[in-house]
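Visitor: pasting the sequence and the predicted model now:
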Amino acid sequence: MISFQKPKAEQFFQTTVIQQFAVNAEESQLMFSSNMNGAFNIWGMDLPHTFPYPLTFINQNCHGIHYAENSDFAVVSFDENGDENSQLYAMPPEGGQLVPLRTEEGERHFFGSLSEDGKRLYYTTTRDNATFLNTYCYDLENDTEKKLIEGSGGATYFAARSPEEQTIAFIRHFANTYVLGYLLKGGKEVQLTPDNGEQHTVSDMAFTGEKDMYLLTNYGEDFTYLAHFDVENEQFTKVINAPEGEFSSLHFDKDRKKLYLSASLGVEDLLYVYSLEGKTLDNMETPVDVIEQITIGKSGAVYLMGRRAVEPFNIFKLADGAGDWERLTSFKVPGIAEESLVDPDVIRYPSYDGLEIEALYFKAKPEVENGYLIHWPHGGPQASERKMFRALFQLLLNRGYSIIAPNFRGSTGYGLSFMKMVEGDWGYGPRLDNVKAIDYMIEQGYADKDKILLMGGSYGGYMALLLHGRHADYYKAVVDIFGVSNLFSFVESVPEHWKPVMKQWVGDPETDKAKFTEDTPITYLDSMTKPMLVIQGANDPRVVKAESDQIVEALKEKGAAVEYIVLEDEGHGFSKKENEINVYKSVLAFFEKYTKN
Ligand SMILES: CC(=O)N[C@@H](C)C(=O)N[C@@H](C)C(=O)N[C@@H](C)C(=O)O
């Protein structure tokens, strides 16, 4: 008999990430951006055939793919080496050379919409208004453009246009929990939700006609629901709540007068369909746990991209919006059966003040488990850890490490008031929720108190640093992936259009100086006594390299054991497979070094 060896670390990273996808009007071509040749490029498939062929050779993160209705071209956007400065290009369906549409070095361009005839491009940009952004309508035929919205008050983004382009919808982002929606109607600005003086959010929206629009909002409630706005009479009406969780995205099927609504329920997503005529809401089964993108084809087919903890990103199709889902891509972990991967358990524990916290517990299989538990505080912080494939998690599980990932206060998917709990309190409540997670794991017998490791990215990296500084006794070794090390420098160094939210999100470095000092990891250098690995992308615009540089330098001065990896061609994540493999192999080697006696 032939016996196959245990999987190499590389195998876990020969998995494909799909960033974006789009389907043309005829539903004869599907484009998707994926890193299946080692970096992100756009690939095409001639449906119903699902064999992918390359369309671009740009090797950069793709931020969007949008077909023109006549399918002559698509508008695609890419950044450079993780700088998040997305540039807009036109690309023919057969791929090849890209034609710059709206590009400028150092500026970001957010795709808004293409007119039905493909002649006008709506987009929002940092150009000329770095803090509040401007929205333009660019005429592709004449190469001229008109400014539609001068951003003010908060970053102001294009959201939707009415079918005949008479009305434009936009949002102002005052904070992650305070986003208002507006219409620009005949030169007049109209707010979509009545003014009750309370912070709320308006997220996805879609015009279902020149005079009707639907939107998602939590106006007056804790969970996001579906609402209607009568454009002519300027009337807001609540339509329906999600039976479970809260609505998170909205997609209109024009010909069948249906709205497809995804909903977040903590660690997973659900899908519903709402009939505009019958006013009924029905639940739909999906083949994934986390929905990343939904597109509705002209035929009424639903195209969905998503993942599960044990299955990487894949795209599925539901013809006519009913029947069985057809798999259009079949990405897996090569050489590893799904049963050998770990699906997490959902656990709930009371925090220090009685608040219930939900967490994902990935338990290594008994045949490989090494007794170590990795504590993973997620990034954001207004995001959540979900049942979604992570190559690094599955590699570490395969090597015997279990993982606990708590959705501490501030996480999304648990309502507006829960999400608000991290605002102005980055380092107290959320930190104690994390400490309680470890206490709970020890109490339940799921963790050995001498065998706990700590790792996090971004806000999760910040939390890892803070926990290291304030609770070092819990941990044997710590990995910080582009984490915030100093709140004072962080709030000054974020992208310009984030600056209006910093006061509510993090606090004011002058008036909240004592709180900032207390919640800043670098305050606790002397207690950071455990070995550390710090990883940073040189082009990261969110948590800039200076955040990692300063803590690494300070720790080195103190003679602490700290390793530092800087990736020159990366930002806030990994866009090149080679970098991802090298970094995550280093993480594994680092943990192996401090767990093997
Ligand atoms: C809408 C928006 O981008 N708001 C930002 C203020 C924001 O919340 N950004 C987070 C998604 C983010 O990038 N946070 C970093 C610190 C992270 O933890 O990943």
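Guide: Nice, I can see it.
Visitor: look up how far the ligand lies from Ala447.
Guide: Look at Ala447 and the ligand: by Cβ to the nearest ligand atom, to the nearest Å, they are 25 Å apart. Backbone N, C-alpha and C define where each C-beta goes, glycine included.
Visitor: next, count neighbours for Gln382.
Guide: As a burial measure, Gln382 scores 19 neighbours (other Cβ atoms under 10 Å).
Visitor: does it sit in a helix, a strand or a coil?
Guide: coil (DSSP: H, G, I helix; E, B strand; the rest coil).
Visitor: now swap in Glu592 and tell me
Guide: helix.
Visitor: next, the buried residues of stretch 356-374.
Guide: For stretch 356-374, the neighbour count (16 or more other Cβ atoms under 10 Å) marks Ile357, Glu358, Ala359, Leu360, Tyr361, Phe362, Lys363, Ala364, Tyr372, Leu373, Ile374 as buried.
Visitor: that stretch: how far from the chain's middle?
Guide: How far stretch 356-374 lies from its chain's middle: 24 Å, per Cα atoms, centre = their mean, to the nearest Å.
Visitor: quick check: mean pLDDT of that stretch?
Guide: The average pLDDT for stretch 356-374 rounds to 97.
Visitor: only C-alpha atoms, please: export that stretch in PDB.
Guide: Backbone C-alpha positions of stretch 356-374 (Å, rounded to 0.1, in the frame of the first residue of the first chain) are rendered in PDB as follows:
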ATOM      1  CA  GLU A 356     -22.600  37.100  27.500                       C
ATOM      2  CA  ILE A 357     -19.700  36.700  25.100                       C
ATOM      3  CA  GLU A 358     -19.800  34.300  22.100                       C
ATOM      4  CA  ALA A 359     -16.600  32.600  21.000                       C
ATOM      5  CA  LEU A 360     -15.400  30.100  18.400                       C
ATOM      6  CA  TYR A 361     -13.500  27.200  19.800                       C
ATOM      7  CA  PHE A 362     -11.500  25.200  17.200                       C
ATOM      8  CA  LYS A 363     -10.400  22.000  18.900                       C
ATOM      9  CA  ALA A 364      -7.500  20.200  17.400                       C
ATOM     10  CA  LYS A 365      -8.300  16.600  16.500                       C
ATOM     11  CA  PRO A 366      -7.400  14.100  19.300                       C
ATOM     12  CA  GLU A 367      -4.900  12.300  17.100                       C
ATOM     13  CA  VAL A 368      -2.700  15.400  16.700                       C
ATOM     14  CA  GLU A 369      -3.500  17.700  19.600                       C
ATOM     15  CA  ASN A 370      -0.500  19.000  21.500                       C
ATOM     16  CA  GLY A 371      -2.200  20.500  24.500                       C
ATOM     17  CA  TYR A 372      -1.600  24.100  23.500                       C
ATOM     18  CA  LEU A 373      -4.300  26.700  23.100                       C
ATOM     19  CA  ILE A 374      -3.900  29.800  20.900                       C
END
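Visitor: start at 783, not 1
Guide: That works, and once the first residue is 783, the last one we named lands at stretch 1138-1156.
Visitor: for the closest residue in space to Leu922 that isn't next to it in sequence, give its distance to the ligand.
Guide: Leaving aside its sequence neighbours, Leu922 sits nearest to Lys901 (Cβ to Cβ, 6 or more residues apart in numbering; 5.6 Å). Distance of Lys901 to the ligand, computed by Cβ to the nearest ligand atom: 30 Å.
Visitor: also Ser934?
Guide: When Ser934 is compared with the ligand (using Cβ to the nearest ligand atom), they lie 17 Å apart.
Visitor: that residue touches Phe914, doesn't it?
Guide: Yes: under the criterion of Cβ atoms under 8 Å, Ser934 makes contact with Phe914 at 5.3 Å.
Visitor: what about these two, which has more around it?
Guide: Phe914 (20 against 14).
Visitor: could you tell me whether the more buried one really is in a strand?
Guide: No: according to three-state DSSP, Phe914 belongs to no strand; its state is coil.
Visitor: go ahead and confirm it touches Gly936.
Guide: Yes: the pair Phe914 and Gly936 passes the contact test of Cβ under 8 Å, sitting 6.9 Å apart.
Visitor: report how many residues lie close to the residue nearest to Leu880 when sequence neighbours are not counted.
Guide: Excluding its sequence neighbours, the residue lying closest to Leu880 (Cβ to Cβ, 6+ apart) is Tyr871, at 3.8 Å. For Tyr871, the neighbour count with other Cβ under 10 Å is 20.
Visitor: please compute how far the helix or strand hosting Tyr871 lies from its chain's middle.
Guide: Using DSSP states H and E, Tyr871 maps to strand 869-873. Distance of strand 869-873 from the chain centroid (Cα atoms, centre = their mean) equals 22 Å.
Visitor: if we can go back for a sec, out of the buried residues of stretch 1138-1156, which is nearest to Glu1120?
Guide: Glu1120 has its nearest neighbour among those in Phe1144, at 14.5 Å by Cβ to Cβ.
Visitor: apart from its chain neighbours, what residue comes closest to the residue most central in space within the chain?
Guide: Centroid-nearest residue in the chain: Ala1165, 7.4 Å away (criterion: Cα atoms, centre = their mean). In space, Ala1165 comes closest to Thr1194 once its chain neighbours are excluded; the distance is 5.7 Å by Cβ to Cβ, 6+ apart.
Visitor: and Ala804, how many residues sit next to it?
Guide: Neighbour tally, Ala804, other Cβ under 10 Å: 20.
Visitor: is it true that it touches Tyr849?
Guide: Yes: with contacts defined as Cβ under 8 Å, Ala804 counts as touching Tyr849 at a distance of 5.3 Å.
Visitor: thinking again about what came up before, now the residue nearest to Leu922. Its backbone dihedrals?
Guide: Dihedral pair for Lys901: phi -100, psi -20, per degrees, to the nearest 10.
Visitor: now do Phe1098 against Tyr1085, distance only.
Guide: Here Phe1098 is placed at a distance of 7 Å from Tyr1085 (Cβ to Cβ, to the nearest Å).
Visitor: and these two? Which one has more around it.
Guide: Tyr1085 (21 against 18).
Visitor: could you look up the SS state of that one?
Guide: strand.
Visitor: chain center to the helix or strand encompassing Cys919: distance?
Guide: Per DSSP H and E: Cys919 is located in strand 916-921. Relative to its chain's centre, strand 916-921 lies at 26 Å (Cα atoms, centre = their mean).
Visitor: run the angle between it and strand 869-873 for me.
Guide: Here the directions of strand 916-921 and strand 869-873 differ by 20 degrees (axes from the mean of the first three to the mean of the last three Cα atoms, to 10 degrees).
Visitor: who touches the strand holding Tyr871?
Guide: 824, 837-838, 855-861, 880-886, 891, 893, 903, 905, 922 (Cβ atoms under 8 Å, 6 or more residues apart in numbering).
Visitor: quick check: the residue nearest to Leu922 vs Asp921, distance?
Guide: Counting by Cβ to Cβ - Lys901 and Asp921 are separated by 7 Å.
Visitor: list the helices and strands the least confident helix or strand in the chain by mean pLDDT packs on?
Guide: Counting by mean pLDDT, DSSP states H and E, the chain has its least confident helix or strand at helix 791-795, which shows a mean of 81. Helix 791-795 is packed against helix 1173-1180, helix 1359-1377, with contacts defined by 3 or more Cβ pairs under 8 Å, 6 or more residues apart in numbering; DSSP states H and E.
Visitor: hmm, back to that, pick the one among the buried residues of stretch 1138-1156 closest to Leu966.
Guide: The closest of the buried residues of stretch 1138-1156 to Leu966 turns out to be Glu1140 (Cβ to Cβ; 39.8 Å).
Visitor: sheet partners, orientation included, of the host helix or strand of the closest one?
Guide: Under the criterion of DSSP H and E, Glu1140 resides in strand 1138-1144. Paired strands of strand 1138-1144, with direction, are strand 1127-1132 (antiparallel), strand 1184-1189 (antiparallel) (DSSP bridges).
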